[in-house]
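Trainee: no sequence on this one, just coordinates:
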């Protein structure tokens, strides 16, 4: 059959044309639709990284659940950490629609073959860090994630709609926590300022490297997985935060921060990309700790998961 | 006129608060992601119950953060460290079964105490703890009738916590529920689950012989003080501050 490869090629190019047309028309790509392998691989990488970030991100905040200074704050923080576990669940389910299961992705996380957001490699040293994470880290995440609600891949876009609603609650609670501290005693105010000083720059790094150095960006924008460049989103975030910091009565640790009339935006100082690269490479203050806690929880839980499977196998068909 | 039975509200509130605190320690350490969600959910329900109950007796934070160890009135069962997952599940099974029986009675208690809001709290809580109990039962079955390792761990956990169960059925001042009478239905309910899970009912003593008493008298176990130190230290380090 000498014609077979030619037929296959013709079919493939017809599929590709249909895919390109769907993306161009802003239609959603659904799990059963044909998609280029590279599109699938990009989505799996990005969605897995996002899911991993949710579950690793539980750690720095869970660090304060047992010490929350009022019962109201304890309840809010527990609910927030629970939401993050839930976000992890939706996102791992969304990757399943691309044919990759949670176990495989967790293996890759535990063995360092897949990443999570570098921001969680910084420690939460005081109670105010819980507020700074809500205001800045969740704020930056929302800025990144709201455009993902219009991402070309349907299951991801739909998961993001739900996640963004909850994230916006997280961001508000962080802001309100910092406001309470800032207007509280002198010690509380200092605690809030110190937290903002430590979290500001790492939050700006969350948008990823500058556009000219961002490896995955161009193709992702073409596929409408990504809708705005790293620098555009970073600028949007800075412009939102500056007036909020003023209301909080806290300063942002950047002497170059000033309004630029011409651009209608705030100029900001140079980001220390060496730090970013170092943390990315595993040399941040908590890289080792975060991943070993994750591995430990997984290993300690192995006998429980085995018991659940053994039970299910024994009682298959006959519900008890 | 305040008709809230303060002693009972504090005892039940302390139970819920202390168990919520212990369950909160699981966040980020659970054996599967679904359990991170479930344990946090149970902790949140309990924390909600604790806040309502402690508020009946005054300021919730004052009660939670500014009392000393000997002033807490929770049963010793809820303060026991999490241990492995089987220990946490055994603690949940024993306690949620007790709470379900107790809150069912309390929700329908016809007395002047209803005006204190206890009956309303119980009516809401009984629905929550039915879910907590179901969660514990499902896991007891899976661990008991899962692998030889899980069976052994679950049996060890049931045995180890048994000595803290007798205290649950001490009479409580101001609570319109006959607690000693709940012991029989509790034993029957636990026995049924234990049997289905192919496990054996523990046969050791179910309480301490110490005359000083136990949690309801403010006598606790050694790890409790450390748990409170962690829970209270930030609040206490900033006297009078608002959070």
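Mentor: That came through, no problem. Keep in mind it's a predicted model, so treat the numbers as computed, not measured.
Trainee: Quick check: closest non-adjacent residue to residue 199.
Mentor: Picking chain A for this. residue A:132 (4.1 Å; CB to CB, 6 or more residues apart in numbering or on different chains). Where C-beta positions appear, they are placed from N, C-alpha and C, glycine not excepted.
Trainee: wait, I meant chain B there
Mentor: Distance criterion CB to CB, 6+ apart; nearest residue to residue B:199, sequence neighbours excluded, is residue B:144 at 4.4 Å.
Trainee: Next, find the distance separating that neighbour from residue A:28.
Mentor: 46 Å (CB to CB, to the nearest Å).
Trainee: Give me the more crowded residue out of these two.
Mentor: The neighbour count for residue B:144 versus residue A:28, taken as other CB atoms under 10 Å in any protein chain shown, is higher for residue B:144 (26 against 17).
Trainee: from the chain's centre, how far out does stretch B:5-23 sit?
Mentor: With CA atoms, centre = their mean, to the nearest Å as the basis, stretch B:5-23 stands 8 Å off its chain's centre.
Trainee: Burial check on residue A:138, number of neighbours?
Mentor: Close neighbours of residue A:138, defined as other CB under 10 Å, add up to 26.
Trainee: Oops, could you answer that again for residue A:7 instead?
Mentor: So residue A:7, with other CB under 10 Å, has 10 neighbours.
Trainee: same thing with residue B:191?
Mentor: Residue B:191: 11 neighbours (other CB under 10 Å).
Trainee: quick one on the thing from earlier: please verify my assumption that the residue nearest to residue A:199 contacts residue A:194.
Mentor: No - the pair residue A:132 / residue A:194 is not scored as a contact, 9.1 Å apart, by CB atoms under 8 Å.
Trainee: Of the two, which one has the most company?
Mentor: Using other CB under 10 Å, the more surrounded residue of residue A:132 and residue A:194 is residue A:132, with 31 against 16.
Trainee: which stretches of the chain form helices?
Mentor: Chain wasn't specified; assuming chain A. With helices called from DSSP state H, chain A shows them at A:4-24, A:37-62, A:71-96, A:102-110, A:128-132, A:139-145, A:154-182, A:186-205, A:217-222, A:230-248, A:273-278, A:287-300, A:302-314.
Trainee: meant chain B actually
Mentor: B:6-24, B:33-56, B:60-66, B:76-79, B:85-108, B:118-144, B:148-162, B:183-196, B:222-237.
Trainee: on that earlier part again, and the residue nearest to residue B:199, what is it in contact with?
Mentor: Residues counted as contacts of residue B:144 (CB atoms under 8 Å, 6 or more residues apart in numbering or on different chains) are B:150, B:151, B:154, B:155, B:194, B:196, B:197, B:198, B:199.
Trainee: what separates residue B:236 from residue A:61, distance-wise?
Mentor: Applying CB to CB to residue B:236 and residue A:61 gives a distance of 22 Å.
Trainee: Settle it for me: which of these two has more neighbours?
Mentor: A direct count of neighbours by other CB under 10 Å for residue B:236 and residue A:61 places residue A:61 higher, at 23 against 12.
Trainee: so the more buried one makes contact with residue A:76?
Mentor: No - using CB under 8 Å as the test, residue A:61 is too far from residue A:76 to be in contact (10.7 Å).
Trainee: per-residue pLDDT, the most centrally placed residue in chain A?
Mentor: In chain A, the centroid-proximal residue (CA atoms, centre = their mean) is residue A:50; its distance is 4.6 Å. Looking at residue A:50, its pLDDT reads 95.
Trainee: from what I can see it touches residue A:91, true?
Mentor: Yes - Residue A:50 lies in contact with residue A:91 (CB under 8 Å); the separation is 5.5 Å.
Trainee: overlap in contacts of those two?
Mentor: Joint contacts of residue A:50 and residue A:91 (CB under 8 Å, 6+ apart) do not exist.
Trainee: where does chain B have low pLDDT?
Mentor: B:1-3, B:110-116 (pLDDT under 70).
Trainee: Give me the phi and psi for the residue in the stretch 101-250 of chain A that chain B sits nearest to.
Mentor: Using CB to the nearest CB, residue A:185 is the residue of the stretch 101-250 of chain A that sits closest to chain B, at 5.1 Å. Listed backbone geometry of residue A:185 is phi -70, psi 170, with angles given as degrees, to the nearest 10.
Trainee: That one - nearest residue in space that isn't next to it in sequence?
Mentor: Leaving aside its sequence neighbours, residue A:185 sits nearest to residue B:241 (CB to CB, 6+ apart; 5.1 Å).
Trainee: what about the one you found, distance to residue A:187?
Mentor: The spacing between residue B:241 and residue A:187, counted by CB to CB, is 8 Å.
Trainee: same check, this time on residue A:302
Mentor: 44 Å.
Trainee: Next: residue A:79.
Mentor: From residue A:79 over to residue A:187 (counting by CB to CB), the distance is 27 Å.
Trainee: what does residue A:67 give?
Mentor: 16 Å.
Trainee: more neighbours, the two?
Mentor: residue A:67 (17 against 12).
Trainee: That one and residue B:233 touch, don't they?
Mentor: Yes - counting by CB under 8 Å, residue B:233 is a contact partner of residue A:67 at 6.8 Å.
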